[in-house]
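S.K.: fold the following.
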Amino acid sequence: MDPKLVLIAAGALWWACRAAPGSPGLDHDITAGDMRARISFLASDQLQGRGTPSRGLNLAAEYIRSEFRRIGLDSPPSGHIQRYRLAMSEMGGKWSLALTLGSRRAVLGYRSDFWGLPWAGGTIEGRAIFVGDRPPEIVDGHDGEVWIARLDAGVMPRAWLNAATDGGAAGLVFVVPERDEVTSPVYDWLTEAETILELGDLQPSFPAVLVGQDALVGAFDRLGLAVEPDDLSALNSVSRPRVRLAADLRVEMLEAPNVMGILRGSDERLRDEYVLISAHMDHLGMGAALDGDSIYNGADDNASGTAALLEVAEAAAALERRPKRSLIFLTVSGEERGLLGSSWFVQHPPVPLDRIVAGINIDMVGRNWEDTIAVIGKPYSSLGALIDSVAVAHPELRMTVVDDPWPTERFFFRSDHINFARKGIPSVFFFNGVHEDYHRPSDEANKIKFGKAARVSRLVLETVLALANAEQPPRWNPQVRERIVEDGY
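M.R.: Okay, here's the model as predicted:
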């Protein structure tokens with residue numbers, strides 16, 4: 001590692017490890033000073049926003065690993081740091097898509113009519129064939145053709161990739177509706193995205209794009225084809241045009257870290273069950289300058305949650321008698337790029353997932369209300385009632401727990417715990433909501449309410465201990481479990 005970065009990390013450790021006054025029942029209290037020291041380091045300019053992947057992110061991971069070792073957390077057999085592979089696809093600006101029929105030609109505009117997908121580069125050409133809105137199980141007679149498919153919300157694009165590969169397609173064109181309140185975020189993302197990260201090694205397939213429905217039908221019209229937006233199957237009963245697609249895509253294989261530490265439980269019967277405490281340590285890295293600042297420090301999002309996790313880990317490890325169940329402390333990366341690190345974790349867990357009885361995620365706990373914290377997913381399992389009882393039992397924390405005040409934002413599906421929940425683990429996350437500095441360079445440490453963040457951390461600690469010592473593990477609300485776990489909602 002760069003010696004300069006080692007010195008930075010060493011300085012941060014000195015501040016974070018300084019003695020703090022104790023409080024009754026805890027050998028390690030959690031103070032505003034502790035939170036200030038940790039958040040100030042994690043959100044410092046030297047870490048350059050902790051983008052996934054980046055040198056600053058690696059430094060944050062090394063700092064967390066050093067803390068886990070100092071605290072005395074065990075590591076899984078593979079070590080504290082879990083590295084995962086990423087395929088980074090950089091979308092160039094020279095994509096082109098054109099349809100021809102006889103002497104007529106219709107050209108579509110990149111990032112106005114169509115958008116590239118990170119499946120493969122190169123140039124392909126073939127006759128168009130509409131194959132429906134569901135991947136066909138058996139494909140016959142379409143080798144070398146360019147498949148046009150309507151992208152149904154319930155079908156993963158990868159299912160189409162498998163079907164088109166088996167069917168010998170030359171390329172794949174997904175048709176998507178025009179902008180509305182549901183699809184606008186997708187269009188915005190497609191228009192703005194320059195790089196896309198995917199887990200694992202990229203398996204080259206064939207060029208693929210998304211095209212707006214009206215733009216495609218307009219192209220058919222310019223070719224003299226009468227194809228209605230609601231009946232693209234009519235394409236197969238007329239003279240089918242040829243499609244030429246050139247994909248401007250550069251792919252690079254990279255790595256990113258998660259960091260794990262385990263506090264072994266004290267009860268012989270329950271120590272092989274685990275409570276998972278998670279927080280994402282990454283943020284947006286370097287980006288477009290706003291008011292002259294191009295470092296997206298991510299002090300609240302999510303240096304605050306990472307600092308809280310470290311303080312909870314230190315306090316739990318310092319207890320004279322350890323909790324009955326074991327605790328897994330997990331900081332993940334890639335949350336801002338699509339929950340990548342937590343996706344990898346559930347695919348490669350250090351312990352069997354069915355032994356993890358609960359997930360507590362901490363994401364943004366240092367801003368907004370002074371004495372209130374939202375617990376997203378509170379009514380989804382018995383975790384909600386337990387957290388309420390913990391808050392009542394600890395009035396000294398002056399922390400009111402509320403259910404999700406922003407249901408239309410669907411926050412439960414936007415942070416790492418959703419990957420745990422979909423594997424059957426009852427999960428919630430502590431969250432203070434977004435603010436004017438959300439995903440901006442101005443999310444800096446000097447705006448954090450360190451005392452509030454410390455009290456939320458104490459509430460998380462007491463919740464974790466109650467879970468770890470409870471005779472019975474938490475239970476899902478059956479209807480919610482069916483929707484999230486069984487139906488993958």
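
S.K.: Glu444 is in contact with Ala299, isn't it?
M.R.: Yes - shown here, Glu444 and Ala299 form a contact pair, counting by Cβ atoms under 8 Å, at 5.2 Å. For every residue, glycine as well, the C-beta is placed using N, CA and C.

S.K.: common neighbours of these two, please.
M.R.: Common neighbours of Glu444 and Ala299 (criterion: Cβ atoms under 8 Å, 6 or more residues apart in numbering): Ala43.

S.K.: of these two, who's got more company?
M.R.: Applying other Cβ atoms under 10 Å to Glu444 and Ala299 shows that Ala299 carries more neighbours, namely 25 against 22.

S.K.: which other residues reach stretch 378-396?
M.R.: With contacts defined as Cβ under 8 Å, 6+ apart, stretch 378-396 is touched by 358, 375, 377, 397, 399-401, 403-404, 412, 421, 426-428, 458-459, 462-463, 466-467, 470, 474-477, 480, 484.

S.K.: which of these fall within helices?
M.R.: 421, 458-459, 462-463, 466-467, 480 (DSSP state H).

S.K.: what pLDDT does the residue nearest in space to the middle of the chain get?
M.R.: Centroid check for the chain by Cα atoms, centre = their mean gives Leu339 as the closest residue, at 1.7 Å. Looking at Leu339, its pLDDT is 95.

S.K.: got the phi/psi numbers for it?
M.R.: The phi and psi values for Leu339, taken as degrees, to the nearest 10, are phi 60, psi 40.

S.K.: enumerate every residue touching it.
M.R.: Counted by Cβ under 8 Å, 6+ apart, Leu339 has contacts 415-416, 418-419.

S.K.: so where do the strands sit in the stretch 151-300 of the chain?
M.R.: Per DSSP state E, counting those that start in this stretch, the stretch 151-300 of the chain carries strands over the ranges 171-176, 195-199, 208-212, 242-247, 249-263, 274-280, 285-290, 293-296.

S.K.: in its sheet, what does the last one sit against?
M.R.: Read it as strand 293-296. Looking at strand 293-296 with DSSP bridges, its partner strands are strand 285-290 (antiparallel).

S.K.: ok, now the third one?
M.R.: In the sheet containing strand 208-212, its partner strands are strand 114-116 (antiparallel), strand 171-176 (parallel), by DSSP bridges.

S.K.: repeat for the fourth one
M.R.: Under the criterion DSSP bridges, strand 242-247 sits next to strand 96-101 (antiparallel), strand 122-132 (antiparallel) in its sheet.

S.K.: count of residues packed around Gly224?
M.R.: If we define neighbours as other Cβ under 10 Å, then Gly224 has 13 of them.

S.K.: mind pulling up the pLDDT for it?
M.R.: Note for Gly224: predicted pLDDT of 95.

S.K.: and what of Ala16?
M.R.: 47.

S.K.: average pLDDT for stretch 417-428?
M.R.: For stretch 417-428, mean pLDDT rounds to 97.

S.K.: any buried residues in that stretch, and which?
M.R.: Within stretch 417-428, the residues that count as buried by 16 or more other Cβ atoms under 10 Å are 417-423, 425-428.

S.K.: show me where the protein has helices.
M.R.: If DSSP H is used as the criterion, the helices of the chain fall at 3-16, 32-42, 55-71, 157-166, 184-192, 213-222, 305-317, 340-347, 383-393, 417-421, 450-469, 478-481.

S.K.: give me the angle between the longest one and helix 305-317.
M.R.: The reference is to helix 450-469. Angle of helix 450-469 versus helix 305-317, following axes from the mean of the first three to the mean of the last three Cα atoms, to 10 degrees, is 50 degrees.

S.K.: and for the third one?
M.R.: Here helix 55-71 runs at 10 degrees with respect to helix 305-317, directions being taken by the same axes, to 10 degrees.

S.K.: against which helices or strands is helix 55-71 packed?
M.R.: Where contact means 3 or more Cβ pairs under 8 Å, 6 or more residues apart in numbering; DSSP states H and E, helix 55-71 is packed against helix 3-16, helix 32-42, strand 249-263, helix 305-317, strand 326-332.

S.K.: roughly how far is it from the heart of the chain?
M.R.: Chain-centre distance of helix 55-71: 20 Å, with Cα atoms, centre = their mean, to the nearest Å.

S.K.: pull that helix out as PDB, backbone CA atoms only.
M.R.: Taking C-alpha atoms only, helix 55-71 is exported to PDB below (Å, rounded to 0.1, in the frame of the first residue of the first chain):
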ATOM      1  CA  ARG A  55      -7.800   3.100  -3.700                       C
ATOM      2  CA  GLY A  56      -9.800   5.100  -1.200                       C
ATOM      3  CA  LEU A  57     -12.300   2.200  -0.800                       C
ATOM      4  CA  ASN A  58      -9.400  -0.200  -0.300                       C
ATOM      5  CA  LEU A  59      -8.000   2.100   2.400                       C
ATOM      6  CA  ALA A  60     -11.400   2.100   4.200                       C
ATOM      7  CA  ALA A  61     -11.400  -1.700   4.000                       C
ATOM      8  CA  GLU A  62      -7.900  -1.900   5.500                       C
ATOM      9  CA  TYR A  63      -8.900   0.400   8.300                       C
ATOM     10  CA  ILE A  64     -12.000  -1.700   9.100                       C
ATOM     11  CA  ARG A  65     -10.000  -4.900   9.000                       C
ATOM     12  CA  SER A  66      -7.400  -3.400  11.400                       C
ATOM     13  CA  GLU A  67     -10.200  -2.400  13.700                       C
ATOM     14  CA  PHE A  68     -11.800  -5.800  13.600                       C
ATOM     15  CA  ARG A  69      -8.400  -7.300  14.500                       C
ATOM     16  CA  ARG A  70      -7.800  -4.800  17.300                       C
ATOM     17  CA  ILE A  71     -11.300  -5.400  18.700                       C
END
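
S.K.: just the buried positions in it, please.
M.R.: Under the neighbour-count criterion of 16+ other Cβ under 10 Å, helix 55-71 has 56-68, 71 buried.

S.K.: returning to what we had before: which among the contacts of stretch 378-396 end up buried?
M.R.: By 16+ other Cβ under 10 Å, those give 358, 375, 377, 397, 399, 401, 404, 412, 421, 426-428, 458-459, 462-463, 466-467, 470, 474, 476-477, 480, 484 as buried.

S.K.: with the ones in helices among the contacts of stretch 378-396 in mind, which one is nearest to Gly200?
M.R.: Nearest to Gly200, judged by Cβ to Cβ, of the ones in helices among the contacts of stretch 378-396 is Ala421 at 22.2 Å.

S.K.: separation between the residue nearest to that closest one when sequence neighbours are not counted and Ser75?
M.R.: Spatial nearest neighbour of Ala421, chain neighbours left out: Ser427 (4.4 Å); criterion: Cβ to Cβ, 6 or more residues apart in numbering. Distance of Ser427 to Ser75, computed by Cβ to Cβ, to the nearest Å: 23 Å.

S.K.: same check, this time on Ala215
M.R.: Distance from Ala215 to Ser75, by Cβ to Cβ: 52 Å.

S.K.: same question, Ser40
M.R.: 27 Å.

S.K.: before we move on, what about Pro157?
M.R.: Using Cβ to Cβ, Pro157 is found at 36 Å from Ser75.

S.K.: what do you get for Met91?
M.R.: In this view, Met91 and Ser75 are 38 Å apart by Cβ to Cβ.
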